[in-house]
Each structure stands twice: as C-alpha cells, then as structure tokens.
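Peer 1: need coordinates for the following:
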Amino acid sequence: MSARADDPTQAAIARTFKSEHGRIIASLMRLTQRDLQLAEDAAAEAYALAIQRWPTEGVPARPGAWLTTVARNRILDRHRRERTARDKAPAVAQLAELSAQERSERDDPESAPAYPDERLALIFTCCHPALGTEAQVALTLRTLGGLSTVEIARAFLVPDATMAQRLVRAKKKIQRAGIPYAVPTPEQLPERLRGVLRVVYLIFNEGYRATSGDALLRRELCGEAIRLAAVTRRLLPDTPEVVGLWALLRLHHARRDTRVDAAGDLVLLEDQDRTRWHHGEIAEAAAALEAAMRLRAPGPYQLQAAIAALHATARAPEDTDWPQIVGLYTLLMRLEPSPIVRLNRAAAIAMARGPHFGLDAGLRELDAIEADGSLTRYHLLHAARADLLRRKGVLDGAAKAYARALELVSNAAERRYLERRLRALEN
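Peer 2: The predicted structure follows:
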C-alpha cells in the first residue's frame, strides 16, 4: 500500500518513512545478522501498519521510533517462528536491551542518540569494496536514501525487474561473503571512507549531469546525494574530506534553478542569472569549507569545492579568479590525476591567459589530452575544443568538433545545446 500525496496524514507517513529509512534499517541490521532483505521487509511491514493506523490514531510524537519498534517486533516474531529457543536467545536479549533504550528515550527525548555507529556501519556495508560500484550506489540509495526499486531503476535507466535482481544479488552477497556490518578500524578507515565518498559523489554527478535521457538535471538524485553527504558529515564532523564533499555538492546545487531554461535546455555557467542562485547555501558551504581547509589536510573534494566556491562567489563571469582556479586544478592533478581533471584544467588555462595566449594554450592542452587517447570518445572533450576554436574564430574547425561531440553525446539536453551551436556556425 502506498501513501496518497493528497492526504496530509498519508503524505506525512511517506515523508517520515523516507527520512527515517536509513536510521530504521541501521538499527535493525544487528538484529537480523546482516540480512538486509529481512530488515527491509520488517520496515515495509511497519510502514504498512502505519498507513493503516495513523490516519485514525494520529501520527506518533516520535514516528521513527514507532516504526522501528514495530519492525523489531516483526523480526522477533519471525525468530520465534523459525528458530529454536537456543537460536533465539541472542536476538531476544538484544531486543530487550533496545526496548529498554527506547523506553528511556520516551522518558527523555532529548537524550535520544542518533545511532551513529549503526548508520556508519550501514554506510560502510553498502559501500564495501567486495561489491561492484553500481551495486554500492544502488544499495546506498535503497537503504540510506529510502528510494524504491522503481526510483533506483529509473535513475539507472534500466527495467524495474533488472534493478530488483541486482539489489537481491547484492544483499545476498553481503550475507554469503560475510561482509561485516561494522565501522572499519582506524587503519582501514581512510581507504574505506574514500569508497563511501565516491559513491555519494557518483550519485550526485548522475543527478547533476545525467548521462542520458531527456533531462540534464535530476534534482531527486542531487537531493539524495546531498542528504547522504550531510548524514556522513554529522557522523564524521571533523573529517576534512567529508566536509569538503558536502560543501562541493551544496555549492554546485545552489545553481540548480539556472542550469536549464524553461524548455529544459542547458544554460552555460557564464550565461546563468546569478541573482537566482541560492546565495545563503553558497555562504554556508563556503564557510564550512574554509573551516575544513584550516585543518591543513587537503584532499580532492576540498580542492574541487574550492574551485566551485570561486565560481559561485564571483559576482559576474569576468570576476572569476581563473588563475587561482588553474592553480587549484594543478594541485588536484597532483593528488588525483585523471583525464577529466586535466580537461577541466585546460579549459581554465584558456580562460586565465586571456583571449589571445589563453585560447592557444588551452588548445595545446586539449591536443595533448586527445593524443593519449583516454578521452577520445568523451563528448565534452570535443565540445571544449569546439568552444575554444569558436572563440578563436576558426569556424570550420569548431563545426567539425561540434559534429564529433554530437556523435558521442547521449543526453538530449546537451544534444540540443550542441545542435544550436553548430547551426549558429553554419548560418
């Protein structure tokens, strides 16, 4: 049964379930012995009961605790049906402990913990390196983001049944491979945390610039990624790269209302209406980033966030500090060299050195990138070349580069932008 959006109580149930989903699953995982499917089934039963009872009984003062208690009772019922008394004992004891904790929380709501260890353990379980990247992303969206299988399938542009099978396989692998439901040791944490941050980053990237489909921007994915980054930041508040990722996503998303026009077509950064940017979000993210960078532990996400902050705080395109952006990309290349970073640095060089020397320098950088073959089939490499050649006045070369980009692009909004650019050159 699903909640109706036009019913306030049902809508409140849906919002509560989605916002509390990760916390509920995390609190159930130890009880189910790493059985994600059982935890999700129990949570779904609790949700169904809420839909049935809350419209007449009212929404509880602490709806998340209500849902968690019902879900735990469902799991205990299953233990009673399926296990011997000896097998049940640990689960029964743990449920009693958790129930006592919940009674204490009801007496003093301010003392209620955020279950940081459980949620951290769930994040690291979903992002374990034994699982493939796509499975990590999908599981994170499902368990911590509260997205349905249908919503995740839509994000990956695959059939619902295909995504359902992938999620089932991933959950079974967690059980069969004995993937630990635990926070890594201090020695393991830096490497494992990189995987967690990468998954959140990938989720945001797919929402920010969709790989394919009609829309350039998928706000729901961006929102889920930011929420996951915020959860991770609350759990690890003194980790600079965690703060850096959160700030990076917020800085980019602050421009969400101007990245496409009314028709859904791409609007370049230099053409966006900066008065419509969310400047409060920009200021908050920039302040958090500044505090993180004072800890002097620079990392890729902090550097990318610093670049985004320079774009977001420039009052006009001509006020952008391009030389500093080039410097930050140079540092980023040292920390995390990649063809994409190199491409972005080339574009920044073209802007930093002026219309004469800059365009030539940027084109030389693009030549070197194309020569190594790593981005030959990446449409943005050819789009960048087309843009620099257009600015330089080499229109035939620009047209060829736009045509090549069009052969490779898969997103409809980007395709329309490239087609407009090519038509403008031909007229």
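
Peer 1: what about Asp41, distance to Ile51?
Peer 2: 16 Å (CB to CB, to the nearest Å). Every C-beta, even on glycine, is put in place using the N, C-alpha and C of the backbone.

Peer 1: so, low pLDDT: which residues of the chain?
Peer 2: By pLDDT under 70, the low-scoring segments of the chain are 1-6, 18, 33-34, 82-117, 155-157, 212-213.

Peer 1: if we use 50, what do you get?
Peer 2: 1-3, 5, 85, 88, 92, 95-96, 98-115 (pLDDT under 50).

Peer 1: tell me which residue lies nearest the centroid of it.
Peer 2: Nearest residue to the geometric centre of the chain (CA atoms, centre = their mean): Ala225, 2.7 Å.

Peer 1: quick check, it in a helix?
Peer 2: Yes. Assessed with DSSP: H, G, I helix; E, B strand; the rest coil, Ala225 lies in a helix.

Peer 1: grab the nearest non-local neighbour of it.
Peer 2: Phe204 (3.5 Å; CB to CB, 6 or more residues apart in numbering).

Peer 1: that neighbour against Leu249, yeah?
Peer 2: Yes. In this structure, Phe204 is within contact of Leu249 by CB atoms under 8 Å, at 5.1 Å.

Peer 1: who touches both of these two?
Peer 2: 222, 225-226, 229 (CB atoms under 8 Å, 6 or more residues apart in numbering).

Peer 1: now do the contacts for Phe124.
Peer 2: Contacts of Phe124 by CB under 8 Å, 6+ apart are 182-184, 192, 196.

Peer 1: which strand or helix spans it?
Peer 2: Counting by DSSP states H and E, the element that carries Phe124 is helix 116-126.

Peer 1: so how far is that helix off the chain centroid?
Peer 2: Distance of helix 116-126 from the chain centroid (CA atoms, centre = their mean, to the nearest Å) equals 16 Å.

Peer 1: tell me which residues in it are buried?
Peer 2: Buried residues in helix 116-126, counting neighbours by 16 or more other CB atoms under 10 Å, are found at 118-126.

Peer 1: with distance to Trp277 added, can I get those in a markdown table?
Peer 2: A markdown table is the format used below for the buried residues of helix 116-126 (distance: CB to CB, whole Å):
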| residue | distance to Trp277 |
| --- | --- |
| Glu118 | 37 |
| Arg119 | 32 |
| Leu120 | 33 |
| Ala121 | 37 |
| Leu122 | 34 |
| Ile123 | 30 |
| Phe124 | 35 |
| Thr125 | 37 |
| Cys126 | 33 |
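
Peer 1: flag every buried residue along stretch 170-181.
Peer 2: So, applying 16+ other CB under 10 Å, buried residues of stretch 170-181: 170-171, 173-174, 179, 181.

Peer 1: how long is it end to end?
Peer 2: 14 Å (CA to CA, to the nearest Å).

Peer 1: who's in contact with it?
Peer 2: Taking CB under 8 Å, 6+ apart as the rule, stretch 170-181 contacts 29-30, 34-37, 121-122, 125, 128, 130-131, 135, 138-139.
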